[in-house]
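**Q** fold the following, please.
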Amino acid sequence: MVSQDQRRRQLAREKFLRQQQRRTSARRKARVRNAAIASVLGVILVGSVALYTTDVLKGDDKKDNVNAEASASPSPSKAPDPCEKPAEGKVKELTFKKEPALTIDKTAKYTMDLQTTCGAIPITMDAAKAPRTVNSFDFLVNKGYLDHTKCHRLTTEGIYVLQCGDPQGTGTGGPGYTIPDENLKDPRLKGDVYPAGTVAMANQFNAQTGEGKNSGGSQFFLVTQDSPLPANYTPFGTVSKDGMKVLKKIADAGAQPADPQTGNTAPNATVVINKATVKKS
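**A** Just a heads-up that it's a prediction; the model follows:
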């Protein structure tokens, strides 16, 4: 016969095991989520001496992913490209020593229009809440910095974003300067979710170490569907309804397997910004 004391100890052990199982499951989910965030939004800025990554991207985990992909059944055929060929022209190789002086009007409205091979993507930018970010894009766009650049990443699992703004097209490029994080307490980010249509900055932030704040450059991402992300990435704009239709077309075409060198999952669609403009209204 089991005594009451033995029964209490048994129940305590069972409770402890359940807690351990829950913690193990939570850590596993966190690792997967961190890997997705780091692989999509991590940026190596020009001149940086370190790349901030999560541990899940290092060592055996990376090998396991490669082995799993190699042993998997053949991937389905690539979706047809829904976009047009890029316009003639070359990316300008521009680098700047410091962030441009603040010259925009914080009380005015600014629109950044991305004329892409897949259609126009107008973005309303919030100069009042993210003045230095909007000012930076006003400066870069007027220099032709984004013209003929390709959007190098598309993520369609876990988080849903198209990443652009790197003249090198590898995820490693930047303008030579960094800008501070802004507007991270925007009410739209309630519950650590970036709503569909949000345009935000990519950066080097590592949530595990706390390093990489205020490291935005020129790379940004456009959210194609509501995406669970911590509020660490400056939200500075919103895609128009017509622009969302273009993003849907791009997302529906899917993404390519991760590049073994860069880790990028490039969109199947040929997404190139033929011309970018910023207008004040």
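**Q** just checking, next helix/strand downstream of the lowest-mean-pLDDT helix or strand in the chain?
**A** When each helix and strand of the chain is scored by mean pLDDT, DSSP states H and E, helix 59-71 comes last, with a mean of 34. Heading C-terminal from helix 59-71, the first helix or strand you meet, by DSSP states H and E, is strand 110-116.
**Q** my guess is Lys148 contacts Val91, does it?
**A** No, residue 148 isn't Lys; it's His. Yes: look at His148 against Val91 with Cβ atoms under 8 Å: they come within range, at 4.8 Å. (C-beta placed from N, C-alpha, C; glycine too.)
**Q** and Gln261, which helix or strand is it part of?
**A** Following DSSP H and E, there is no helix or strand that holds Gln261.
**Q** give me the neighbour count for it.
**A** When neighbours are counted by other Cβ atoms under 10 Å, Gln261 registers 7.
**Q** now do the same contact list for it.
**A** Not one residue lies near Gln261 by Cβ atoms under 8 Å, 6 or more residues apart in numbering.
**Q** backbone torsions only: list them for it.
**A** phi -90, psi -40 (degrees, to the nearest 10).
**Q** against Pro180, how distant is it?
**A** Distance of Gln261 to Pro180, computed by Cβ to Cβ, to the nearest Å: 31 Å.
**Q** same thing with Gly216?
**A** Note on Gly216: its distance to Pro180, by Cβ to Cβ, is 8 Å.
**Q** more neighbours: these two, which one.
**A** Gly216 (30 against 13).
**Q** tell me which residues touch the nearest residue to that one once chain neighbours are set aside, please.
**A** In space, Gly216 comes closest to Met201 once its chain neighbours are excluded; the distance is 4.0 Å by Cβ to Cβ, 6 or more residues apart in numbering. By Cβ under 8 Å, 6+ apart, the contact list for Met201 reads Thr133, Ile179, Asp181, Gly216, Gln219, Phe220, Phe221, Tyr233, Thr234, Phe236.
**Q** please consider this matter closed, and thank you.
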